[in-house]
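Undergrad: give me coordinates for this.
(4 chains)
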Protein chains: 2
Amino acid sequence: MLNEFDIFKDFLRHHHLRWTPQRKLILEVFIEQQGHIVIEDLHKKIHSQDPTIGIATLYRTMKLLVDAGLADMHTFNERTTYERLYKVRHHDHLICKVCGRTIEFEHPLIEKYQLEVCERHGFTLRSHRMELFGICNECRK
Amino acid sequence: MLNEFDIFKDFLRHHHLRWTPQRKLILEVFIEQQGHIVIEDLHKKIHSQDPTIGIATLYRTMKLLVDAGLADMHTFNERTTYERLYKVRHHDHLICKVCGRTIEFEHPLIEKYQLEVCERHGFTLRSHRMELFGICNECRK
DNA sequence: CCCCTTATTGATAACGAATATCAATATAAT
DNA sequence: ATTATATTGATATTCGTTATCAATAAGGGG
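TA: Coordinates of the predicted model:
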């Protein structure tokens, strides 16, 4: 089975783009993260391994990773975060409106009824996004 | 039953804030909108009724409406949108990735399971967004 | 292996949405 | 009416993200 590096390389080749040391390092750092990652944190970690990589390259590469289907971009509480997609089980999000904390969850019955809705409307379902906004346990205290 | 104006007035009084013609107009324009509204559109509509109202006042008032529980703020595709909360039946969206057509739907069971997920995680649910992406009947032909 | 075309890079300028500042004005309690 | 203070609009400022650009690197063809 292909790993993320091969997928990204294929994506680049297919779009006449190039495999560079900077892209390699950014992907390396990205895939070892868990959950949602803020650009700022990603930049810190990358900077500690190679201080010459500019922030613009990081933004550009993250956009490519999204296009390649390896990352997903969200905006939570005015902060852009990236999430690893590949080989990660699909899940939805609980998002605290106060502290911005996000909790991942999955619910098979919700997925089932989504399909039901699609069938009823003659839709072929490809993907979905579900975000529940509220206030978490900690912030309600 | 209280309407949105009374609720907002109460909120203002309670916080030692003032009921002004600008806030009245902004609320008027806001509650006659449907779905998610971008600040830009709101500003246009308000400007056409009163060109003297500044953009800062609009931002300030929208924040108050959120605090008062009358509006909900989301960031979707890097755009901040406001959604009317009070007395509006919630619905979700089917979005065709080919033609962009959107179909609104609601499914009580999905809502029920959302609540279940929230309870399980100690979350107080305030709002949610569910978008199903796919291909519609017309575009599949 | 070397060319040569073209993608990529880092630095930095530019952009734009949102917020802070501030003097003038409006509100509402007294 | 008076007075304290919230509000306003204009504008400056902030800050995350993007565009620009000259120098550099990648990688396909010979």
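Undergrad: can you give me the strands for chain A?
TA: Applying DSSP state E to chain A gives strands spanning A:36-38, A:71-76, A:79-84, A:92-96, A:102-105, A:124-135.
Undergrad: how many residues are close by the residue in chain A that DNA strand D sits nearest to?
TA: Here chain A gets closest to DNA strand D at one residue, residue A:80, 3.1 Å apart by Cβ to the nearest atom of the strand. For every residue, glycine as well, the C-beta is placed using N, CA and C. For residue A:80, the neighbour count with other Cβ atoms under 10 Å in any protein chain shown is 17.
Undergrad: does it touch residue A:37 like I think?
TA: No. With contact defined as Cβ atoms under 8 Å, residue A:80 does not reach residue A:37; the gap is 9.9 Å.
Undergrad: so what's the residue most central in space within chain A up against?
TA: In chain A, the C-alpha nearest the mean C-alpha coordinate belongs to residue A:83, at 2.3 Å (Cα atoms, centre = their mean). Contacts for residue A:83 (Cβ atoms under 8 Å, 6 or more residues apart in numbering or on different chains) come out as A:35-37, A:71-74.
Undergrad: buried among the residues you listed? Need that as a selection in PyMOL.
TA: Selection of the buried residues among the contacts of residue A:83 in PyMOL, burial being defined by 16 or more other Cβ atoms under 10 Å in any protein chain shown:
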select buried, chain A and resi 36+37+71+72+73+74
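Undergrad: from the contacts of residue A:83, which is closest to residue A:104?
TA: Relative to residue A:104, the closest of the contacts of residue A:83 is residue A:35; by Cβ to Cβ it sits at 7.3 Å.
Undergrad: excluding chain neighbours, what is closest to the closest one?
TA: Here the nearest residue to residue A:35 in space, its sequence neighbours aside, is residue A:83; by Cβ to Cβ, 6 or more residues apart in numbering or on different chains that works out to 6.9 Å.
Undergrad: what distance do you get for the one you found to chain B?
TA: Using Cβ to the nearest Cβ, to the nearest Å, we find residue A:83 at a distance of 15 Å from chain B.
Undergrad: show me what that residue is bridged to.
TA: residue A:36, residue A:72 (DSSP bridges).
Undergrad: same thing with residue A:129?
TA: residue B:131.
Undergrad: residue B:128 is in contact with that one, correct?
TA: No. In terms of Cβ under 8 Å, residue A:129 does not count as a neighbour of residue B:128; the distance is 10.6 Å.
Undergrad: give me the more crowded residue out of these two.
TA: A side-by-side neighbour count of residue A:129 and residue B:128, using other Cβ under 10 Å, places residue B:128 first with 22 against 16.
Undergrad: wait, what's in contact with that one?
TA: Residue B:128 touches A:130-133, B:90, B:114, counting by Cβ under 8 Å, 6+ apart.
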